[in-house]
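Trainee: Let's see this in three dimensions:
(chains A and B)
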Amino acid sequence: MESTHSTEPTARPPLWDLTAWRSMYPGMWAWVLQRVSALALIVLFPLHVMNPYVEWIRLTMLVLVVWHSMHGIKVILTDFGFPPKHQRKLLWALAAAGVVLFVWLVYLHKSLWRFLG
Amino acid sequence: MTAEPSAETSGEVTFRVRRGEGAGDPGERFDRYRLGVRPRMTVLDALVALQSEQDPTLSYRYSCRVGMCGTCALRVNGRPRWACRTLLEGLGGSVTLEPLSNFPVVRDLAVDMGVFFEKMKRARAWLEPAEAAAQAPARLSPAGPERRRIEPHIECITCGICYASCSMVGHDPAFLGPAALNRAFTLVADSRDASRARRLLEVCGEHGAWRCHSQFNCTEACPKGISPTAAIQGLKRRALASGAKALVASLLRGTAPGS
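Mentor: This is a model prediction of the structure:
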């Protein structure tokens, strides 16, 4: 049988090449996003304290705090015996709860948001 | 059925195979091969065909071919899987094959499992029976709670897929990893084992159960459907309980905790 052999170098794919990330499962994505949200909050919190009325900072912080706490709840439930076989369902349920919580919190303080008119 | 190996093909697949002798090898590269494939052909069938028909220097590991031994684990399109149980159907026209992550590469797709079994030893992955259990056969009811707690964790065939999928092993090379901790849990939860307390201490250190961040990669990747995450949570709960007990006991004695 004839050989179809050819060769290419093994350089690491660049960050924006999504094939480099496809080995990550949803639970890992959730964890990475929680870590990233923590770092972002460390940066945004002092900015928020210095000037509390910057709308994009407040909205971004709300998104990050909601996600950070939702994943925190997942970790706590896992630590207290939530069956790991159902962790994906728990993740999606908490993500959905996070979206609802975010919309509700924005609605609750609608007088504070200029973008709502 | 004819004996002709590639008489009937159902299409052609391009394989990108990572070749070389691992990190730091200047000759490391992706080699590209085209292969006519048959229906229900597995990744392992393709590797055997490539090696016998196109490139006899291609290196990989396998033994049983039927998903019992766990030696053929490698990365297929980025995810760790068994070559023998992964059908080419559904993988598309281009398949990338790489050695397992977190293991030193011997050559091409074959990795050195030494570090993995060293960690099994560090987790004391063998039963150390209590005197009574060594004298007479133990009676464990299959329906009993102890047996049912251990049951989901005993099917491990040490293929290394969980270890390769764990980002914490990549982060901390001394971390025992999912398989060794899963094995330790089956023994810590076993009333016949005499060294449960000692084992718990050894597997719940800095490089043990507490290094796990519950990312669930091992649970997602295990081809046997085992959840090492569940086992590690079991170890953490037991470590917490034994620590709390020791703390209360030392407070009652009026001595400093840990003394």
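Trainee: For chain A, which segments count as strands?
Mentor: Per DSSP state E, chain A has strands spanning A:6-9. These are given in chain order.
Trainee: Tell me the residue of it that sits nearest chain B?
Mentor: The shortest separation between chain A and chain B is 3.4 Å, found at A:Gly27 (distances taken as CB to the nearest CB). To be clear about C-beta, it is placed using only N, CA and C from the backbone, and glycine gets the same treatment.
Trainee: who touches that residue in this structure?
Mentor: A:Gly27 makes contact with A:Gln87, A:Arg88, A:Leu91, B:Ser214, B:Gln215, B:Phe216, B:Asn217, B:Thr219, B:Glu220 under the criterion CB atoms under 8 Å, 6 or more residues apart in numbering or on different chains.
Trainee: swap in A:Leu77?
Mentor: A:Leu77 makes contact with A:Leu90, according to CB under 8 Å, 6+ apart.
Trainee: Look at it and report its pLDDT.
Mentor: Taken from the predicted model, the pLDDT recorded for A:Leu77 is 94.
Trainee: how far away is it from B:Gly114?
Mentor: The spacing between A:Leu77 and B:Gly114, counted by CB to CB, to the nearest Å, is 37 Å.
Trainee: tally of neighbours for residue 44?
Mentor: Here I'm looking at chain A. Applying the criterion other CB atoms under 10 Å in any protein chain shown, we find 19 residues in the vicinity of A:Leu44.
Trainee: right idea, wrong chain: chain B
Mentor: Neighbour count of B:Leu44, defined by other CB under 10 Å: 19.
Trainee: Could you verify my assumption that it touches B:Cys72?
Mentor: Yes - if you go by CB atoms under 8 Å, B:Leu44 and B:Cys72 touch, sitting 5.5 Å apart.
Trainee: which residue sits closest to the residue positioned nearest the centre of chain A in space, ignoring its chain neighbours?
Mentor: The centroid of chain A falls nearest to A:Leu33 when counting by CA atoms, centre = their mean (3.6 Å). Among residues not flanking A:Leu33 along the chain, A:Trp67 sits closest, at 6.2 Å (CB to CB, 6 or more residues apart in numbering or on different chains).
Trainee: again with A:Phe115
Mentor: With CB to CB, 6+ apart as the criterion, A:Phe115 has its nearest non-adjacent residue at 6.4 Å, and that residue is A:Glu55.
Trainee: And that neighbour, how far from A:Ala40?
Mentor: If you measure A:Glu55 against A:Ala40 using CB to CB, the figure is 17 Å.
Trainee: contacting residues around the residue nearest to A:Leu33?
Mentor: A:Leu33, A:Gln34, A:Ser37, A:Gly98.
Trainee: Pull out the buried members of those residues.
Mentor: Neighbour counting over the contacts of A:Trp67 (16 or more other CB atoms under 10 Å in any protein chain shown) leaves A:Gln34, A:Ser37, A:Gly98 as the buried ones.
Trainee: Check the second one and give its pLDDT.
Mentor: The reference is to A:Ser37. Predicted confidence (pLDDT) for A:Ser37: 97.
Trainee: same check, this time on B:Gly205
Mentor: The predicted local confidence for B:Gly205 comes out at a pLDDT of 86.
Trainee: and it, that one's in a helix?
Mentor: No - the assignment for B:Gly205, made by DSSP: H, G, I helix; E, B strand; the rest coil, is coil rather than a helix.
Trainee: The closest residue to B:Ser10 other than its chain neighbours in helix, strand or coil?
Mentor: Counting by CB to CB, 6+ apart, the nearest residue to B:Ser10 once its immediate chain neighbours are dropped is B:Pro39, at 4.9 Å. Going by three-state DSSP, the secondary structure assigned to B:Pro39 is coil.
Trainee: swap in B:Thr96?
Mentor: Under the three-state scheme (three-state DSSP), the conformation of B:Thr96 reads as strand.
Trainee: Repeat that for B:Cys64.
Mentor: In terms of secondary structure, B:Cys64 is coil; the call rests on three-state DSSP.
Trainee: Quick check, it in contact with B:Cys84.
Mentor: Yes - contact criterion CB under 8 Å: B:Cys64 and B:Cys84 qualify, at 7.5 Å.
Trainee: more crowded one of the two?
Mentor: Neighbour totals were compared for B:Cys64 and B:Cys84, and B:Cys84 leads with 22 against 12 (other CB under 10 Å).
Trainee: who touches that one in this structure?
Mentor: With contacts defined as CB under 8 Å, 6+ apart, the neighbours of B:Cys84 are B:Thr42, B:Val43, B:Leu44, B:Tyr62, B:Cys64, B:Arg65, B:Val66, B:Gly67, B:Cys72.
Trainee: Doesn't it lie inside a helix?
Mentor: Yes - applying three-state DSSP, one finds B:Cys84 inside a helix.
Trainee: Can you give me the distance of it to chain A?
Mentor: Applying CB to the nearest CB, to the nearest Å, the value for B:Cys84 to chain A is 20 Å.
Trainee: so what's that residue closest to, chain neighbours aside?
Mentor: Excluding its sequence neighbours, the residue lying closest to B:Cys84 (CB to CB, 6+ apart) is B:Leu44, at 4.3 Å.
Trainee: show me what contacts the spatially most central residue of chain B?
Mentor: Among the residues of chain B, the smallest C-alpha distance to the mean C-alpha position (CA atoms, centre = their mean) belongs to B:Gly160, namely 2.9 Å. Applying CB under 8 Å, 6+ apart, one finds that B:Gly160 lies in contact with B:Gly70, B:Ala73, B:Pro80, B:Leu100, B:Phe103, B:Val111, B:Met113, B:Phe116, B:Ala179.
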